[in-house]
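Enquirer: here's my sequence, what's the structure:
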Amino acid sequence: MTVKPAIGIIGGLGPQASALLYKLLIDKTKDHTDLRDTADYPRIVLLSTSIPNYLSSGQATDPAIMAQVIALVQEEVRLLEVAGAVVNGIACNTAHLALDHLQAVTTVPFLSIMDLVRHSVAPFQRPGLLCTRLTKQTGLYASVHPNLYIPPDSLLEQAEEWVFKLLDDAVRPADQAAFRRFTQDFATANGLDAVVLGCTELPVVYGPTTDPGVISTLEVLADGLLDFYFGGQSHAHQAA
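Expert: Predicted coordinates:
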């Protein structure tokens, strides 16, 4: 039997977001292909990389530590190619800062969450971004939309509290409800018609929604990977 090509995922940054991305790939398959049998689902190779939470430790800006992390993840990327991946994604926004380094060690294209979000927010007049302070600092979202509102660090620090709770497996229904109110208040106070959940932990905390004005970076990544995998590559954007 010939082994099917695969969607490759670098995960573990953190694991809860990686788990939701896997679920979204399964749940959304029916929207991208004629699903008649379990054999019609994509083959998925998810490597859950064990990396400490450098965001909370304050070491994420240490060049020596980040060089070690990049070298570790590059080894995982090579494994994805050996495993038959034809398209790759990484279940972390901030890690896209190293995407060029990861792309350099494989011929398998990585999809950029930021490129996919650019397509998703295009119809909106004034979207806003919720992310970590480190993601803001990287400038990864700077050119996603000409009117993208990126809030001050004081507000993003509040959003990070839910990220840390999730990584500690401490999010409860009351926390989810509080984050949903926080997101709505953020949109109302700043006249936003959409909010990008620009940390992959935040869609996990927010939970499922049918609101088109709440843009989950995990959902756009799942759709982009499935588009590419099943041949609809017109909406799939490789990292620069």
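
Enquirer: and the contacts of the helix or strand containing Asp227?
Expert: Taking DSSP states H and E as the criterion, Asp227 maps to helix 217-229. Outside of helix 217-229, the residues that reach it under the criterion Cβ atoms under 8 Å, 6 or more residues apart in numbering are 5, 7, 17, 20-21, 24-25, 28-29, 31-33, 42, 86-87, 89, 91, 93, 109, 111, 113, 116-117, 119-120, 196-200, 202-204, 233-237. Heads up, the C-betas are built off the backbone N, CA and C, glycines and all.

Enquirer: next one: that helix to chain centre, how far?
Expert: Its chain's average C-alpha position is 10 Å from that of helix 217-229, according to Cα atoms, centre = their mean, to the nearest Å.

Enquirer: any idea of the mean pLDDT for that helix?
Expert: When the per-residue pLDDT values of helix 217-229 are averaged, the result is 98.

Enquirer: which parts of it are buried?
Expert: Of the residues in helix 217-229, those buried under the neighbour-count criterion (16 or more other Cβ atoms under 10 Å) are 217-229.

Enquirer: pull the CA coordinates from it and hand them back as CSV.
Expert: As requested, the backbone C-alpha atoms of helix 217-229 are provided in CSV (Å, rounded to 0.1, in the frame of the first residue of the first chain):
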residue,chain,number,x,y,z
THR,A,217,-5.7,32.0,13.8
LEU,A,218,-6.1,28.2,14.3
GLU,A,219,-9.1,28.1,12.0
VAL,A,220,-7.5,30.1,9.2
LEU,A,221,-4.4,27.8,9.4
ALA,A,222,-6.6,24.7,9.3
ASP,A,223,-8.5,25.9,6.3
GLY,A,224,-5.3,27.0,4.5
LEU,A,225,-3.6,23.6,5.1
LEU,A,226,-6.7,21.7,3.9
ASP,A,227,-7.0,24.0,0.8
PHE,A,228,-3.4,23.2,-0.1
TYR,A,229,-3.6,19.5,0.7
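
Enquirer: what are the phi and psi values for Asn88?
Expert: With angles defined as degrees, to the nearest 10, Asn88 sits at phi -120, psi 150.

Enquirer: identify the bridge partners of it.
Expert: Beta bridges link Asn88 to Gly8, Phe110, judged by DSSP bridges.

Enquirer: over to Tyr149?
Expert: According to DSSP bridges, beta-bridge pairing links Tyr149 with Gly128.

Enquirer: using CSV, list the CA coordinates for the longest helix seen in the chain.
Expert: Ranked by residue count under DSSP state H, the longest helix found in the chain is helix 63-82. Written as CSV, here are the backbone C-alpha positions of helix 63-82 (Å, rounded to 0.1, in the frame of the first residue of the first chain):
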residue,chain,number,x,y,z
PRO,A,63,19.5,35.2,21.1
ALA,A,64,21.5,32.2,22.5
ILE,A,65,18.5,30.4,23.8
MET,A,66,16.4,31.1,20.7
ALA,A,67,19.2,29.7,18.5
GLN,A,68,19.0,26.5,20.5
VAL,A,69,15.3,26.4,20.1
ILE,A,70,15.4,27.0,16.4
ALA,A,71,18.0,24.2,16.0
LEU,A,72,15.7,21.9,17.9
VAL,A,73,12.6,22.7,15.8
GLN,A,74,14.6,22.4,12.6
GLU,A,75,15.3,18.8,13.5
GLU,A,76,11.5,18.3,13.8
VAL,A,77,11.0,19.9,10.4
ARG,A,78,13.4,17.4,8.8
LEU,A,79,11.3,14.6,10.4
LEU,A,80,8.2,16.0,8.8
GLU,A,81,9.7,15.8,5.4
VAL,A,82,10.9,12.2,6.0
